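In: my questions concern the predicted model and sequence given below.
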Amino acid sequence: MQGAPVLRDISDAGLMASLAAGDTAALAVLHQRYARMICSLTLRLDPQGGLQHAEDLTQEVFLTLYESAGRYRDEGKLKSWLCGITAQKTRSARRRRAVRSGLMRVNRSINPGHSSSYSAPVDERLSAQSDVTEALLSLSDKQREVLVLHSIEGLSGAEIAEALNIKTSAVWVRLHRARKTMAAALADTRPGRARR
């Protein structure tokens with residue numbers, strides 16, 4: 001494939017323009033550039049989901065990118081745009097999982113002998129997570145999103161505000177609260193500690 005090396009040298013804006021014009025090779029290059037970041041971000045925003053879930057959501061993000069490429073306006077912010085799509089997808093996945101979990105609890109109470117592939121206790125999976133992951137789980141979803149986007153993904157306050165469609169002042173308030181909660185959770189390392 002002779003065009004592929006040339007595509008690797010094109011800017012994000014150029015690739016998005018090509019993608020908007022229907023060039024799927026541009027999507028492949030964008031996937032090479034950003035898939036690892038998106039999968040990692042998904043794991044941090046939704047630690048309970050696991051790697052397979054994060055990989056599935058990464059594919060959903062790129063499908064959304066492909067479908068919405070024509071609406072993208074380049075201002076050098078593709079990374080923050082992708083982070084916004086990823087945050088929306090993980091929120092939706094958490095809501096679906098919560099609904100499914102609630103329905104399964106109801107189903108188990110109605111049919112106590114019925115087993116399901118989803119019945120593995122959440123506590124068993126959480127006990128295998130690191131202290132940092134547990135501390136991340138102690139944050140609200142909104143605080144976790146802001147902390148991960150700023151401290152791990154390196155987005156600025158303005159980029160986070162744009163990605164999450166909130167005011168910059170809200171970013172800094174959430175970030176301050178997230179750091180305070182994380183510090184308290186990490187300081188409390190006693191076995192059997194109560195989850196906040």
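Out: Ah, there it is. Numbers count the residues shown, from 1 in each chain.

In: quick one, what contacts Asp42?
Out: Actually, residue 42 is Thr rather than Asp. Counting by C-beta atoms under 8 Å, 6 or more residues apart in numbering, Thr42 touches Gly49, His53, Ala54, Leu57, Thr58, Thr86, Lys89, Thr90. C-beta coordinates here come from the backbone N, C-alpha and C atoms, glycine included.

In: likewise Leu175?
Out: By C-beta under 8 Å, 6+ apart, the neighbours of Leu175 are Gln143, Val146, Leu147, His150, Gly157.

In: name the member of the contacts of Thr42 with the most neighbours.
Out: Thr86 (30 neighbours; other C-beta atoms under 10 Å).

In: which secondary structure element of this structure has the lowest mean pLDDT?
Out: Using mean pLDDT, DSSP states H and E, the weakest-scoring helix or strand in the chain turns out to be helix 122-127, at a mean of 41.

In: please name the nearest non-neighbouring residue to the residue nearest the centre of the chain.
Out: With distances taken as C-alpha atoms, centre = their mean, Thr42 lies nearest the centre of the chain, 2.9 Å away. Take Thr42 and drop its neighbours on the chain: the residue closest to it by C-beta to C-beta, 6 or more residues apart in numbering is Ala54, 4.0 Å away.

In: which residues does the helix or strand harbouring Ser68 contact?
Out: Here Ser68 sits within helix 50-68, counting by DSSP states H and E. If you take C-beta under 8 Å, 6+ apart as the criterion, helix 50-68 is touched by 19, 24, 27, 30-31, 35, 38-40, 42-43, 46, 49, 82, 85-86, 89-90, 93, 125.

In: what's the ChimeraX line that selects buried ones from those residues?
Out: Only the buried entries of the contacts of helix 50-68 go into this ChimeraX selection, using 16 or more other C-beta atoms under 10 Å:
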select :19,27,30,31,35,38,39,40,42,43,46,49,82,85,86,89,90,93
